[in-house]
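[1] coordinates only, sequence not included:
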């Protein structure tokens, strides 16, 4: 069986509430949304489920060549690569290739983001695609490909035991509750330059896949400087903290 990919726990870039934190919190209590800066967990922002948005950010990361892949970018220099539409992707900060486990990391990125964009914070996910070079990597007799891949992804993400996210110093609630997974196979095309650094199963052609991970969709936020901090641990011994410094420009 192929090796599990590094579980990436990232900080996302900074954001700010349209209303003051206290007022927004009170509004969230009235509407049943514990985190008013976020779209509610069952929402379909811009016509797609959060699981679909998780698949889309996975597709985006996979198709970027390694030299300018935003997930491997340690500074924010590549944060605008291939960004389109009403949602701006904030990818995890992948550790440099060859980093030993367990991973103890404190990293940051700085990025400028256009105004009136929702922001998808990809805290971390596991993408399982098929086929792989390992001949043992295949469904059991009678098992569907979806069930085979989804079971592996679920076991990887079940290792996460702590996630904390703060927005401009204010903690968000119940981040472990923002976990989403594919409910069916989707297609992903990885750039071959990522075979050795991210996923040995990448073929450079469309492949069936599933995703399981933690994703937060922030509503469009006011212009100005903001900060999000993410701290996460897992049962493998990883302990990662990320700070994302974001400047939202006027629309």
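    Alright, I've got the coordinates. In this text the structure is predicted, and so the values were computed from the model without any measurement. Numbering: from 1, shown residues only.
[2] Can you pull the poorly scored residue ranges out of this protein?
    Applying pLDDT under 70 to the chain flags the ranges 1-31.
[3] which residues in it form strands?
    Applying DSSP state E to the chain gives strands spanning 87-90, 104-113, 118-129, 160-167, 170-171, 179-181, 186-188, 207-218, 224-234, 239-248.
[4] what pairs with the last one, and is each one parallel or antiparallel?
    Partner strands and pairing direction for strand 239-248 (DSSP bridges) are strand 104-113 (parallel), strand 224-234 (antiparallel).
[5] do the same with the shortest one
    Based on DSSP bridges, the pairing partners of strand 170-171 within the sheet are strand 160-167 (antiparallel).
[6] Give me the angle between the partner strand and strand 118-129.
    160 degrees (axes from the mean of the first three to the mean of the last three CA atoms, to 10 degrees).
[7] Quick check: closest non-adjacent residue to residue 150.
    Excluding the flanking residues, the one nearest residue 150 by CB to CB, 6 or more residues apart in numbering is residue 210, at 5.0 Å. From N, CA and C alone the C-beta is placed, and that goes for glycine too.
[8] hey, what's the one you found bridged with?
    Beta bridges link residue 210 to residue 128 when assigned by DSSP bridges.
[9] Same check on the one 4 residues further on?
    Beta-bridge pairing of residue 214, defined through DSSP bridges, involves residue 124, residue 179.
[10] List the residues that contact the residue nearest to residue 150.
    Each residue near residue 210 by CB atoms under 8 Å, 6 or more residues apart in numbering is listed here: 127, 128, 146, 149, 150, 153, 181, 182, 185, 186.
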